[in-house]
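Colleague: I'd like to go over a predicted model; first the sequence, then the structure.
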Amino acid sequence: MKTGSQLLPVGAVLTSILSLQFGAAFATTLFSQIGPAGATTLRLTIAAIILGVIVRPRWSRWSSRQRKGIFALGTALAVMNGAFYLALETVPIGTAVTIEFLGPLTLAAVLSRRWADGAWVLLAFGGVLLLGLGDHGESGLDPIGVMFALIAAAAWAGYIVAGSHLAATLPSADGLAGASIVAAVLTLPFGVVSGGSELLDPKMLAAGAAVAILSSVIPYSLEMWALRSLAKKVFAVLIALEPAAAALAGVLVIGQTLDAFTLVAIGLVVTAGVGTVVMNRKPTPK
């Protein structure tokens, strides 16, 4: 693929990054009323309804392979979002996304045959380890929050793999709509237990709709479109700006501050991702 033809899908991924992280930061403001599970359910359920109405997925026309792909992507979405919101309950968003980014970056290294990519991943791991030296209060980083961020990291890698496979077998928005419905169904019981009747409050529904559009409808639609023309490895490392975008959203939306160690750690992870992109860029054919 020529470099010029990559500009649109790359721009789509970058737009999805900003939309996703600002939506996630806004979602944390709902935790005090409906909890992380309730916020996850609102986000995924409303997103599934919006996509279902717009796309009108045709389940009867899908093959068995496509249905399995949709279920795999939906499961990845449910685990990724649920675990990430649980991490955000106790870990700053910039830190949580930096840890979560180990998933796609490790995937990029596994898919690559270049030794240099392994070195970039080691740099990223160094950045994540440096997070532990930051100012996180007397008790340090919450281990449960870190665990949920690592679970989200693994699910993020699964989302990339499942999404690229589904985009190749079902070249339409049907797959995303179907996967969103699966994710909503899987998270609904947890959300009901966590949020209860608060989930039906008009103000909460409006806030949930905003989160769903910013964090699911816009970014996932753009990413699924971009995955049709971008290699999984390239996509995985392009989102290296996720930690930086998350840190920015945390500062602007919820007033989270970051100490020098955390900023350096985020910088190392972003450098690792960008470095992998630059090292793997092929010369444009003349």
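Modeller: Great, that's in hand.
Colleague: in the longest helix belonging to the chain, what counts as buried?
Modeller: When the chain is parsed with DSSP state H, its longest helix is helix 143-169. For helix 143-169, the neighbour count (16 or more other Cβ atoms under 10 Å) marks 145-146, 148-167 as buried. Glycine gets a C-beta too; all of them are placed from N, C-alpha and C.
Colleague: again, but for stretch 121-132
Modeller: For stretch 121-132, by 16+ other Cβ under 10 Å, it's 121, 123-125, 127-128, 130-131.
Colleague: same for the helix or strand hosting Phe31, what does it pack against?
Modeller: Assigned by DSSP states H and E, Phe31 belongs to helix 31-55. On a contact count with 3 or more Cβ pairs under 8 Å, 6 or more residues apart in numbering; DSSP states H and E, helix 31-55 meets helix 3-27, helix 64-88, helix 174-195, helix 202-212.
Colleague: now that helix: average pLDDT?
Modeller: Average pLDDT, helix 31-55: 92.
Colleague: what's the answer for stretch 90-107, then?
Modeller: Rounded mean pLDDT across stretch 90-107 is 86.
Colleague: where does this structure have low pLDDT?
Modeller: Applying pLDDT under 70 to the chain picks out residues 1-6, 113, 116-117, 132-140, 171-172, 232-234, 236-237, 276-286.
Colleague: grab the nearest non-local neighbour of the spatially most central residue of it.
Modeller: The residue lying closest to the centre of the chain (Cα atoms, centre = their mean) is Trp156, at 6.1 Å. Closest residue in space to Trp156, ignoring its immediate chain neighbours: Gly103 at 4.0 Å, by Cβ to Cβ, 6 or more residues apart in numbering.
Colleague: which strand or helix spans the one you found?
Modeller: Using DSSP H and E, Gly103 sits in helix 102-111.
Colleague: which other helices and strands contact that helix?
Modeller: With contacts taken as 3+ Cβ pairs under 8 Å, 6+ apart, helix 102-111 sits against helix 115-131, helix 143-169, helix 232-238, helix 260-280.
Colleague: hang on, the earlier thing: so the longest helix of the chain versus helix 115-131, what angle?
Modeller: Per axes from the mean of the first three to the mean of the last three Cα atoms, to 10 degrees, the angle that helix 143-169 makes with helix 115-131 is 150 degrees.
Colleague: quick one: distance of helix 143-169 to the chain centre.
Modeller: 8 Å (Cα atoms, centre = their mean, to the nearest Å).
Colleague: how about stretch 247-266?
Modeller: Chain-centre distance of stretch 247-266: 18 Å, with Cα atoms, centre = their mean.
Colleague: that older thread, what residues sit buried inside the helix holding Gly103?
Modeller: Here helix 102-111 shows 102-109, 111 as buried, counting by 16+ other Cβ under 10 Å.
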